[in-house]
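Enquirer: Structure for the following, please:
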Amino acid sequence: MIEEIAEVLAAREKLYQEVEHHVLDASQPPDDVVCAILQQLYPSAAS
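Expert: Here you go, the predicted model:
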């Protein structure tokens with residue numbers, strides 16, 4: 001199953017990169033991910 005998931009992700013990666021609007025590291029703690037999302041959505045509020 002893991003192999004199948006890796007194959008599907010590899011096949012879709014170029015498409016994902018073509019349509020992405022925001023990219024962030026979601027492996028961080030949840031509070032950090034939320035802050036990163038808010039900073040990307042509302043950059044003027046980050047100051």
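Enquirer: Could you pull up the mean pLDDT of the longest helix that the chain contains?
Expert: Counting by DSSP state H, the longest helix found in the chain is helix 2-19. Across helix 2-19, the average pLDDT comes to 95.
Enquirer: Of all the residues in the next helix or strand after that helix, which ones are buried?
Expert: Using DSSP states H and E, the helix or strand that follows helix 2-19 in sequence is helix 30-41. Buried residues in helix 30-41, counted by 16 or more other Cβ atoms under 10 Å: A36. Backbone N, C-alpha and C define where each C-beta goes, glycine included.
Enquirer: and the longest helix of the chain, C-alpha only, in CSV?
Expert: What follows is helix 2-19, C-alpha atoms only, in CSV (Å, rounded to 0.1, in the frame of the first residue of the first chain):
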residue,chain,number,x,y,z
ILE,A,2,2.8,2.4,0.9
GLU,A,3,4.4,1.7,-2.5
GLU,A,4,1.1,2.5,-4.3
ILE,A,5,0.7,5.8,-2.4
ALA,A,6,4.3,6.8,-3.3
GLU,A,7,3.6,6.0,-6.9
VAL,A,8,0.4,8.0,-7.0
LEU,A,9,2.1,11.0,-5.3
ALA,A,10,5.0,10.9,-7.7
ALA,A,11,2.7,10.8,-10.7
ARG,A,12,0.7,13.8,-9.3
GLU,A,13,3.6,15.9,-8.0
LYS,A,14,4.1,18.0,-11.2
LEU,A,15,0.4,18.7,-11.4
TYR,A,16,0.3,19.8,-7.7
GLN,A,17,3.3,22.1,-8.3
GLU,A,18,1.6,23.7,-11.3
VAL,A,19,-1.6,24.6,-9.4
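Enquirer: Pull up the gap between L15 and V34, please.
Expert: Per Cβ to Cβ, to the nearest Å, L15 is found 26 Å from V34.
Enquirer: V8 too?
Expert: Taking Cβ to Cβ, one finds V8 at 28 Å from V34.
Enquirer: Check Q40 too.
Expert: Counting by Cβ to Cβ, the gap from Q40 to V34 is 11 Å.
Enquirer: The longest helix of the chain: how far from the chain's middle?
Expert: 13 Å (Cα atoms, centre = their mean, to the nearest Å).
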